[in-house]
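[1] Below are the sequence and a predicted model for it; my questions follow.
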Amino acid sequence: MRHIRATITARTTACCMGLFMCAGMISAATLQWTDAQLLDHIKGGWLAKCAGGALGGPAEGAGEDTTRGLPALNEGDITNCTNDDVYTQVPFVATMAAKKNGLNGIYSATMQDYGNALKNTTFPLWFGNQNARDALNNGIAPPYCGGWPLNGVVKNGNAEAIDWQIECQWIGFVTPGLPAAAIKIDSICGHVIAYANGVYAGTFFNAAVAIAPLYNDIHPIIKEANKAIPFNCDIHGNTDTLIWYHDNNPTSSYVDAYNWAFGLNGQTKHIKTDFVVGSRNNAAIVVIAALWCDNSITKAVLWAARMGSDTDCNCGDVCAIFGSMLGYANLPQQWRTTYESAQAHGINCSFDGTGASLTGWTFFRVLDSTVAISKKAILQSGGSYANGVYTIAVQDIPAPQWFEKAGQLPVPMPNAVRYSVRHVRPDGLTLALVADANNRLRVEFSVPQVAAGRALRIDLMDVRGARVQTLVEGAFGAGFHTVTPAAQDIADARSLSTGHYLARIRSGESEQTIAAPVVR
């Protein structure tokens, strides 16, 4: 309860009605906003997204720098928004705006419609976006242009790059309190661009933006949004690991978290990484910035800029969550002053490049269109409008039904859920048991540098401490390891009866035992 937006009535003329359940989880509830407050929410999201991208832009490609400062936001950052994480969203907004009054409302725009919108663009693109547009222009239809395997062949070599996670927030903006709707649209549009972790990063951020208006604390937003993606994907595992580290190291800084997660300054790496514009690396940076910013949007954008990688996009991503949570009226004064000054000067705030139009859309046209779509989404999702007030029927985050892995077709999520969350110790010894999408049991563990090469053994035990099976035994180097036990009777998760087990990992003087419940 304490995590739910304490100031929500400041943005409403009527209180948020209904019940909010334990640990920040949103249950059946309604949220009431006037037209002005809905506009404030969406304008806050868009302005924060634009501002974050502009502030992080100068640091792009410069690498990590813990002393880096930020420039002041100026009118040109709004009037000539040349960041690709902003202008790439416009064709998708335009597509939904044109289709929203169709038979299926906000779901009327098909994957093919979004694909055509991307195909017909001429503005600069990179990585997954460029690969997808090239594939579309070569006759490869969605979802194959986004990396969905076609006869065993992947047509997008950057399907797990950062592209979708940086340009998906328009969906969260138009679905306030409606994460189920956001995730459904995310899957339709996201697969035009990406696949597997490339899509899951966008799903995670869309869920975060969609539920953000219900909170006044970004920490539970991150935790709740992680429920939107499969437990066995890398984006979920990395976020889970960072949440654990944050909660168990209350005096740590974002620098501590960054070094610990990425294995810098002689430390063991604790997350799955990829490359400078990969979804894993950059999603983790955004999560670190969000968790270690003390609920300050200005700290969050600064931390994201200092950690390097794709800084304009990461700064824009974390600011989009904050913008959705805070609304326009609660954004930093300097950002609002800059925006209002541009308006006062009669500048047509545009998503245009310098000297050449990129989209033909202005900031105000995007704003008007997303507000109109949002009103449609609210009414279509069980909400209502009466006496000048929208009542939003707040949705729960739905459980993922399918799992995607790069280069492989999707498979249903397993009946056996993850046996334990990832437990990470400060000494670097970690252990998790996972049932994969085919109900095969796998053991994930990491070995710190000090234990590299030492004898290591992982046993599965019953609740009395009696050994059921040795899962892993041998000497391993420092870093992450994944092992599928050889014994057939234990490798198939379905052979384990429902109940409680213990898993113990030993290496040298270090030992850890975790609870490993099996749930059907």
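    Cool, got the structure.

[2] C-alpha from now on. contacts and neighbour counts both.
    Fine.

[3] Sketch out the low-pLDDT regions of the stretch 201-350 of the chain for me.
    The model of the stretch 201-350 of the chain has pLDDT under 70 over residues 348.

[4] could you pull out the strands for it?
    Taking DSSP state E, counting those that start in this stretch as the criterion, the stretch 201-350 of the chain contains no strands.

[5] and if you look at the chain?
    Here the chain has its strands, by DSSP state E, at 17-20, 26-34, 384-386, 389-394, 402-405, 408-412, 423-424, 430-435, 441-447, 455-462, 467-475, 479-483, 501-507, 510-515.

[6] So what touches the fourth one?
    Right, the one you point to is strand 389-394. Residues outside strand 389-394 that contact it (C-alpha atoms under 8 Å, 6 or more residues apart in numbering) are 26-35, 176-178, 378-379, 381-385.

[7] and those residues, which are buried?
    When the contacts of strand 389-394 are checked for burial by 16 or more other C-alpha atoms under 10 Å, the buried set is 26, 29-34, 176-178, 378-379, 381, 383, 385.

[8] Only the buried residues of stretch 141-154, if you could.
    141, 142, 143, 144, 145, 146, 147, 148, 149, 154.

[9] one step back: return the member of the buried ones among the contacts of strand 389-394 nearest to residue 243.
    Set against residue 243, the nearest of these by C-alpha to C-alpha is residue 26 (18.9 Å).

[10] Tell me the pLDDT of that closest one.
    pLDDT, residue 26: 40.

[11] Pull the number of nearby residues for the closest residue to residue 484 other than its chain neighbours.
    Spatially, and ignoring its direct neighbours in sequence, residue 484 is nearest to residue 442 (4.4 Å; C-alpha to C-alpha, 6 or more residues apart in numbering). If you count neighbours by other C-alpha atoms under 10 Å, residue 442 ends up with 20.

[12] Residue 442 touches residue 482, doesn't it?
    Yes. Counting by C-alpha atoms under 8 Å, residue 442 touches residue 482, with 6.7 Å between them.

[13] Who are the contact partners of the residue lying closest to residue 161 once chain neighbours are set aside?
    With sequence-adjacent residues excluded and distances taken as C-alpha to C-alpha, 6+ apart, residue 161 is closest to residue 278, at 4.2 Å. For residue 278, the contact set (C-alpha under 8 Å, 6+ apart) comprises 160, 161, 162.

[14] Which of these fall in helices?
    Nothing among the contacts of residue 278 maps onto helices, per DSSP state H.

[15] Looking at those, which one is closest to residue 511?
    Set against residue 511, the nearest of the contacts of residue 278 by C-alpha to C-alpha is residue 160 (35.3 Å).

[16] Distance of the closest residue to the closest one other than its chain neighbours relative to residue 136?
    Using C-alpha to C-alpha, 6+ apart and skipping the chain neighbours, the partner closest in space to residue 160 is residue 198 (3.8 Å). Relative to residue 136, residue 198 is positioned 18 Å away (C-alpha to C-alpha, to the nearest Å).

[17] ok, now residue 304?
    For residue 304, the distance to residue 136 (C-alpha to C-alpha) stands at 33 Å.

[18] Model confidence for the residue lying farthest from the centre of the chain, exactly?
    Going by C-alpha atoms, centre = their mean, the residue of the chain most distant from its centre is residue 466, 40.4 Å out. We have a pLDDT of 76 for residue 466.
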